[in-house]
Structures are given as structure tokens and as C-alpha cells.
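> Generate a structure from the sequence data that follows.
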Amino acid sequence: MENLLSEGLELMVFGMGFVVVFLTLLVFATSGMSKVVGKFFPEAPAQPKAKKTAPASAGNNNDELIAVMTAAVHKHRS
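Got it, this is the predicted structure:
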């Protein structure tokens, strides 16, 4: 019985050690690939987006928008 228990513990330690080594290698490989890709394909700096302005004819009148939203809410609730 003790032999079976020691073999089970040995197998568990071997399996867990293998997983730890594999995950460590995976982290290093992923980090290395990320650095290589970043070196050959650098990201362009983000361009600031221009603010959208309302058309001059619309002004600040949101009556049509409010009517459409109200109709959509009533349609959804019915």
C-alpha cells in the first residue's frame, strides 16, 4: 500500500512540475513574440478625433429626436 501511495505522489509531483515548466516556457515565448512583433510592426500614434458639430440648420433643437425616442419606448413597452 505504501508503494502505491509513493508512486502516486511521485507521479503527481512529476505532472505538476511538467505543467509549471511548460507554463513558464509559454510565458517567455509569448513575451518574446510580443517584443518581436512590436519591433517590426510598431503601432502608429493615435490621431485625436475631431469633435462632431451639429449642422447649423438643426441648432440645439432636439424635438424630433425626443419624439423618435418616445415612440420607440412606447413601441417597445406595448
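
> what element comes up after the helix ranked longest in the chain heading to the C-terminus?
As assigned by DSSP state H, the longest helix anywhere in the chain is helix 2-40. Where DSSP states H and E defines the elements, the next helix or strand beyond helix 2-40 is helix 63-77.

> pLDDT below threshold where in the protein?
Applying pLDDT under 70 to the chain picks out residues 53-60.

> make it 90
Applying pLDDT under 90 to the chain flags residues 1-2, 40-67, 77-78.

> residue at max distance from the center of it?
Here the chain reaches farthest from its C-alpha mean at residue 1, the gap being 49.4 Å by C-alpha atoms, centre = their mean.

> quick one: it and residue 64, what's the gap?
Separation of residue 1 from residue 64 (C-beta to C-beta, to the nearest Å): 83 Å. Any C-beta I mention is one placed from the backbone N, CA and C, and that applies to glycine too.

> what's the answer for residue 43, then?
As judged by C-beta to C-beta, residue 43 and residue 64 stand 41 Å apart.

> what's the answer for residue 78, then?
Computed as C-beta to C-beta, the residue 78 to residue 64 distance reads 21 Å.
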